[in-house]
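Undergrad: Prediction below, plus the sequence it came from.
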Amino acid sequence: MEGILQTFGLDWPKFISQVIIVLLVYFILSKYAFGPVLAMLEARRRRIAEGESNLKVIEAELGKAEDKVQSMLNQANLDAERLITEARESAEAVRGQKTQEAIKEAQSIIEKAREASRLEHETAMSELRRDFGRLVIDATSKVTGKVLDDGDQKRINEETAGQVAL
Amino acid sequence: MFAFDNINPLIAAGGINAPEIPALGWISNSIVVAVIVTVGVLLFTRMATKRMELIPGSKQNLVEYLVEFLYGQVEGIVGKHVAPKAFPLLATVFIFILASNWFGLLPGVGTIGFGVTKAPLVLEVMETPLLRPATADLNMTLALAVVFMAVWAWLSISELGFWGTIVHIFGPKGGLQGALKYLLTPIFIFVGIIEVVSIVFRPMSLSLRLLGNIFAGETLLHTMGELGEKIGLPSWMAVITSVVFPLPFYFMEILVGALQATVFSLLCAVYIKLATTHDEAAH
């Protein structure tokens, strides 16, 4: 064995120096390279795992939020439909009420106009009678040449009014 | 026309022994390369991991990718429990061997050095290359294997305990019970002795395999580089062939460098797995 090693160039000082070099590389790489890199890989792996678990939580919360939004939308649609129906009914009721009021007002206006027309007609007829009576009295006094007293004028007026039926 | 009879493989990098650099005392050219590779690897990893962030830069990304990939491989072989303890050594071994192997393919390694000069800055005979792949030196490959075996022994004993390790090697396996267990105990003890012999030879097999492959690669590249000159081609053609002939083998050596780093660390991982596996029947 010794002979083989000598043949292949084994030299103890050189061997020991190479052992020291290998040990130095081993310790320095372990401490300053593999340790930090493995720690970083582990930190990254943990971060990814946390991210994935957070993603699941977020997905679950998103699902809940979407359900909630959907239920709120459904509720809002129902409320909106109800409000529209109520508004439509209310508008219908108001319209009917206003129509009735308008009809009543129109009838009242027509009634008042009719009454005013009747009163105006009666007034005109009364004036006409009076004017006609006076014309009859004037004509009678001119025809008869007689001055008619108050009693005659009253009687002629009454008779004229009684005979004139306008 | 061509003199094929005189073609012998050129022993690369000054021979199988890593020669000492004249001006540096006992320090060999492979130690110089080992130091350069060490400084290079450490500087790069330090730059990549100095300010680590959750969103990595290009250097950090490369180191993280390499570490993650290697950790996955180690974990797949030795298991989740042992992986954190075994990974630093196995990753160190892989990265160091890979860097050393590929460093040997850089221009100037094995071709710049000291020797008999025929003109200023031109060598007639290369005696001591300035640089030599660190893994083409038994001192380095054996150092790697010995450090691994020390960590392997510590891992085995820390996982199974001292007595547990003895039982693991020599004890009956396969959950044998009753008379059969005692009947086969001598066989298992004999198998244990063979196992111990194989364990003792592991550093040698690991180191010589790596040394042989890398040194053979260096030798191949040197031989192919000087083939044109050796077979008597004109000097202008020899210059061209010194580039063309080794080129395919450079690509092969890139592959061999990666393969040998993988084989060495893979075997180490398997040895750890074999030594730290709990016998299910014992629990």
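TA: It's in. Numbers count the residues shown, from 1 in each chain, chains lettered A, B, ... in the order given.
Undergrad: which one's the longest helix in chain B?
TA: helix B:178-225 (DSSP state H).
Undergrad: Show me which residues of the very next helix or strand once past that helix are buried.
TA: Sequence-wise, the next helix or strand downstream of helix B:178-225 (DSSP states H and E) is helix B:227-230. Going by neighbour count (16 or more other Cβ atoms under 10 Å in any protein chain shown), the buried part of helix B:227-230 is B:227-228, B:230. All C-beta atoms are positioned from the backbone trio N, CA, C, and that covers glycine.
Undergrad: Return the per-residue confidence for A:Q75.
TA: In this prediction, A:Q75 carries a pLDDT score of 95.
Undergrad: Now do the helix or strand bottoming out on mean pLDDT in chain B: which elements does it pack against?
TA: When each helix and strand of chain B is scored by mean pLDDT, DSSP states H and E, strand B:122-129 comes last, with a mean of 75. With contacts taken as 3 or more Cβ pairs under 8 Å, 6 or more residues apart in numbering or on different chains; DSSP states H and E, strand B:122-129 sits against strand B:113-119.
Undergrad: buried stuff in the strand it packs on?
TA: Judged by neighbour count using 16+ other Cβ under 10 Å, the buried positions of strand B:113-119 are B:113-114.
Undergrad: Could you name the helices and strands sitting against it?
TA: So strand B:113-119, by 3+ Cβ pairs under 8 Å, 6+ apart, packs with strand B:122-129.
Undergrad: Pull out the buried positions in the helix or strand just after the strand it packs on.
TA: Using DSSP H and E, the helix or strand that follows strand B:122-129 in sequence is helix B:138-160. By neighbour count on 16+ other Cβ under 10 Å, the buried set for helix B:138-160 is B:138-149, B:151-152, B:155-157, B:159-160.
Undergrad: Repeat that for stretch B:77-90.
TA: B:77-78, B:82-83, B:85-90.
Undergrad: Excluding chain neighbours, what is closest to B:G108?
TA: Leaving aside its sequence neighbours, B:G108 sits nearest to B:L131 (Cβ to Cβ, 6 or more residues apart in numbering or on different chains; 6.5 Å).
Undergrad: Point out where chain A drops to low pLDDT.
TA: By pLDDT under 70, the low-scoring segments of chain A are A:1, A:164-166.
Undergrad: In terms of helix, strand or coil, where does the spatially closest residue to B:Q73 that is not a sequence neighbour fall?
TA: Using Cβ to Cβ, 6+ apart and skipping residues adjacent in sequence, the residue nearest B:Q73 is B:A269, 7.6 Å away. Counting by DSSP: H, G, I helix; E, B strand; the rest coil, the backbone at B:A269 sits in helix.
Undergrad: Burial check on A:F15, number of neighbours?
TA: Residues lying near A:F15 (other Cβ atoms under 10 Å in any protein chain shown) number 19.
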